[in-house]
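In: A predicted structure for the sequence below; I have some questions about it.
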Amino acid sequence: MKCLIVTAELPYPPASGGSLRVWGLMRGLHASGYQLTVVCCQSGELAPALTSIAHVLTIPVPAKALRQRIAALLTSTQPDIAVRLFDERVLAALERLLSSEQFDLVQFEGIETACYLPPLRARFPQMTFVFDTFNAEAVMQRTIAQIDQSSPRRWLHALYSHVQSRRIALYESYLCKQADLVIAVSDEDKAHLCAYGTSTPIEVVPSGITVSDYCLPTEPREANLLVFTGKMDYRPNTDAAEWLARDILPRIPDTHLQIVGQQPTARVQALANSRVEVTGRVPEVQPYLQRAAVYVAPLRMGSGTRLKLLEAMACGCAIVATPLAASGLTAEAHRVMRIASTAAEFAAEVNALLKDADMRAALGHAAREYVQRCYDWTAIVPRMIAAHERLKHG
């Protein structure tokens with residue numbers, strides 16, 4: 001099958017949840033015989049690992065200035081996410097590709113790149129378009145608004161997210177109806193997308209990891225070390241880091257916390273102190289996971305599959321997570337970690353695990369076995385291929 005993939009960022013090296021998903025799918029699809037062409041709205045070095053499996057065209061889209069985004073918020077009915085990556089040069093390149101080559105399908109990775117779906121649908125009505133959603137974005141923005149409105153200093157942010165959530169819901173519904181196939185990453189996200197009433201088929205293909213890339217530690221884990229990972233300019237992660245440092249960590253004595261991830265915001269960097277280390281970008285996350293006594297995922301907003309949890313599971317970590325952090329995973333996954341909703345409950349679960357080395361080891365062993373069986377790309381890519389085949393053959 002010949003497939004054109006449109007993505008926001010270079011899939012390799014995979015440094016975020018989105019790039020991890022796209023890279024995992026690309027590797028699996030290529031291994032299954034797909035011919036891949038990638039159009040990416042970002043420039044950067046094209047690593048041999050990437051160019052060996054796909055023809056890659058990069059067209060960097062300049063970031064919109066803050067004043068432009070504010071003006072659009074006030075003068076437009078479109079959500080910010082609908083125009084953030086739109087560029088006439090990218091559209092022209094996609095039109096040239098579809099005019100000059102025969103593709104079996106075009107797959108848009110994430111809502112930001114799906115801005116090209118409607119104009120291409122109008123130009124190429126017989127082409128097959130797939131919308132891989134990554135998240136149920138409208139729901140995520142509603143959750144962000146609810147969290148932000150509880151803090152007076154975040155009221156303007158809450159208002160922004162409230163307005164955006166309503167606009168994104170309309171836009172998300174429109175995109176689902178424009179596509180020939182919609183991919184959700186969890187059953188929960190599928191339910192949200194089905195509520196739009198679209199007749200477009202919606203299939204669940206979760207995100208995964210290559211478990212063999214994540215080894216169990218060869219050295220003893222560091223006692224009382226907590227680790228949280230993620231892209232630290234992503235709103236759900238920055239909120240989790242602040243809540244963790246401000247409300248949870250003071251309830252867990254004699255511990256050290258590492259906040260690991262690229263592009264930490266000023267608010268995240270300000271959390272650093274004698275008990276909290278903010279690392280910024282690291283070459284690999286695995287060494288941090290392998291040293292952790294407990295991996296913590298105190299997410300209060302977001303949707304989709306939590307790749308950070310899958311990575312921690314693959315490294316055999318004992319995990320404490322909020323219900324929302326674990327919401328994209330199966331009920332079986334909940335049994336191999338500890339779930340806690342409030343700051344007090346979260347701290348209590350962490351404290352209990354820190355006192356019980358045998359329980360930590362048992363949870364870590366069960367978590368790795370589970371992720372190997374259910375979330376390795378070898379188990380997930382066939383689901384994407386099956387969805388493509390069902391679409392191709394009606």
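Out: Cool, got the structure. Computed from a predicted model, the values in this text were never measured in an experiment. Residues are numbered from 1 along each chain as shown.

In: what kind of secondary structure is Gly197 in?
Out: coil (DSSP: H, G, I helix; E, B strand; the rest coil).

In: typo on my end, Gln107
Out: Relying on three-state DSSP, one would call Gln107 strand.

In: which SS class is the nearest residue to it once chain neighbours are set aside?
Out: Leaving aside its chain neighbours, Gln107 sits nearest to Val130 (4.2 Å; criterion: C-beta to C-beta, 6 or more residues apart in numbering). (C-beta placed from N, C-alpha, C; glycine too.) Classification of Val130 by three-state DSSP places it in strand.

In: residues in contact with Val130?
Out: Taking C-beta atoms under 8 Å, 6 or more residues apart in numbering, we find Val130 in contact with Leu105, Val106, Gln107, Phe108, Ala179, Asp180, Leu181, Val182, Ile183, His388, Leu391.

In: show me what it is bridged to.
Out: Val130 forms beta bridges with Gln107, Leu181, as assigned by DSSP bridges.

In: and the pLDDT for it?
Out: Listed pLDDT for Val130 reads 98.

In: need the residues that contact the lengthiest helix in the chain.
Out: Assignment by DSSP state H gives helix 155-178 as the longest helix of the chain. Under the criterion C-beta under 8 Å, 6+ apart, residues 73, 77-82, 111, 114, 117-118, 121, 129, 131, 133, 136-139, 141-142, 144-149, 182, 193, 196-200, 202 lie in contact with helix 155-178.

In: cool, and stretch 272-289?
Out: Contacts of stretch 272-289 (C-beta under 8 Å, 6+ apart): 15, 213-215, 227, 229, 232, 245, 249, 255-264, 268-269, 271, 295, 311-312, 315, 317.

In: and those residues, which of them are in helices?
Out: Val268, Gln269, Glu311, Ala312.

In: ok, and the most crowded of the residues you listed?
Out: Neighbour counts for the ones in helices among the contacts of stretch 272-289 (other C-beta atoms under 10 Å) peak at Ala312, which has 31 neighbours.

In: let me know the pLDDT of that one.
Out: 96.

In: ditto for Tyr375
Out: At Tyr375, pLDDT is 92.

In: same deal with Val139?
Out: pLDDT, Val139: 78.

In: part of a strand, is it?
Out: No: per three-state DSSP, Val139 lies outside any strand segment and is helix.

In: quickly find the element holding the residue nearest to it when sequence neighbours are not counted.
Out: Closest residue to Val139 apart from its sequence neighbours, by C-beta to C-beta, 6+ apart: His192 at 5.1 Å. Counting by DSSP states H and E, the element that carries His192 is helix 187-194.

In: let me know the angle separating that helix from helix 155-178.
Out: Orientation of helix 187-194 against helix 155-178 (axes from the mean of the first three to the mean of the last three C-alpha atoms, to 10 degrees) gives an angle of 70 degrees.

In: buried residues in helix 187-194?
Out: Glu188, Asp189, Lys190, His192, Leu193 (16 or more other C-beta atoms under 10 Å).

In: next one: the first one from Gln262, what distance?
Out: Going back to what we said before, that points to Glu188. 27 Å (C-beta to C-beta, to the nearest Å).

In: also Tyr160?
Out: 24 Å.

In: these two touch, right, Pro206 and Val185?
Out: Yes: contact criterion C-beta atoms under 8 Å: Pro206 and Val185 qualify, at 5.2 Å.

In: check which element follows the least confident helix or strand in the chain by mean pLDDT along the chain.
Out: When the helices and strands of the chain are scored by mean pLDDT, DSSP states H and E, helix 66-75 comes last with a mean of 69. As assigned by DSSP H and E, the chain's next helix or strand after helix 66-75 is helix 80-83.

In: could you say what helices and strands that next one packs with?
Out: helix 66-75, helix 155-178 (3 or more C-beta pairs under 8 Å, 6 or more residues apart in numbering; DSSP states H and E).

In: closest one to Leu98 among these?
Out: helix 155-178 (15.3 Å; C-beta to C-beta).

In: only C-alpha atoms, please: export the closest one in PDB.
Out: Provided in PDB are the C-alpha atoms of helix 155-178 (Å, rounded to 0.1, in the frame of the first residue of the first chain):
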ATOM      1  CA  TRP A 155      -9.000  32.800  34.900                       C
ATOM      2  CA  LEU A 156      -7.900  34.300  31.600                       C
ATOM      3  CA  HIS A 157      -6.400  31.000  30.600                       C
ATOM      4  CA  ALA A 158      -9.600  29.300  31.600                       C
ATOM      5  CA  LEU A 159     -11.700  31.600  29.500                       C
ATOM      6  CA  TYR A 160      -9.400  31.000  26.500                       C
ATOM      7  CA  SER A 161      -9.700  27.200  26.900                       C
ATOM      8  CA  HIS A 162     -13.500  27.400  27.400                       C
ATOM      9  CA  VAL A 163     -13.900  29.400  24.100                       C
ATOM     10  CA  GLN A 164     -11.500  27.100  22.300                       C
ATOM     11  CA  SER A 165     -13.200  23.900  23.500                       C
ATOM     12  CA  ARG A 166     -16.500  25.100  21.900                       C
ATOM     13  CA  ARG A 167     -14.800  26.000  18.700                       C
ATOM     14  CA  ILE A 168     -12.800  22.800  18.600                       C
ATOM     15  CA  ALA A 169     -15.900  20.700  19.100                       C
ATOM     16  CA  LEU A 170     -17.400  22.100  15.900                       C
ATOM     17  CA  TYR A 171     -14.100  21.800  14.000                       C
ATOM     18  CA  GLU A 172     -13.400  18.300  15.200                       C
ATOM     19  CA  SER A 173     -16.900  17.200  14.200                       C
ATOM     20  CA  TYR A 174     -16.400  18.800  10.700                       C
ATOM     21  CA  LEU A 175     -13.000  17.000  10.200                       C
ATOM     22  CA  CYS A 176     -14.500  13.700  11.200                       C
ATOM     23  CA  LYS A 177     -17.200  14.100   8.600                       C
ATOM     24  CA  GLN A 178     -14.700  15.100   5.900                       C
END
